[in-house]
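1. how does the following fold in three dimensions:
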Amino acid sequence: MGTIELIYDANCPNVPEARKQLREAFAMLDAAPRWQEWCTDDPNIPEHARGYGSPTILVDGRDLGGSGRIDGTAGCRVYLTAEGLDCVPSVEEIAVALGFDRCVL
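-> Okay, the predicted model is just below:
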């Protein structure tokens, strides 16, 4: 498993659900949950974490949702999941992105 990062806006209502989905994905894979969080309001946010919508999950620097950075002021985002549009990626999609091949979808 590589580096997992959660990038979020402090006012985004979807952040608690993103954290929940991350915890559940780790639990599904019997792995201890661990990730770094970056608030977009923090002036010390690293350059590589700037410009993403909220919430964004990066796995080894790659945007789980595939949309990448946006120009201008970042805001809330949506994900295209197997079930349609959602405000956070599914637990299964996170587990697959974490690189665990034993996850069965």
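
2. run through who's touching stretch 49-60.
-> With contact meaning C-beta atoms under 8 Å, 6 or more residues apart in numbering, stretch 49-60 is reached by 2-9, 12, 14-15, 18, 22, 35, 38, 40, 63-65, 67-71, 74-77, 88-89, 94, 97-99. Using the backbone N, CA and C atoms, a C-beta is placed for each residue, glycine as well.

3. center of this structure - which residue?
-> residue 57 (1.8 Å; C-alpha atoms, centre = their mean).

4. let's verify that one: helix, strand, or coil?
-> Secondary structure state of residue 57, per DSSP: H, G, I helix; E, B strand; the rest coil, is strand.

5. for the chain, which segments count as strands?
-> 4-8, 36-39, 56-59, 62-63, 79-81, 84-86 (DSSP state E).

6. the third one pairs with which strands, and in what direction?
-> Strand 56-59 has these partner strands in its sheet, going by DSSP bridges: strand 4-8 (antiparallel), strand 62-63 (antiparallel).
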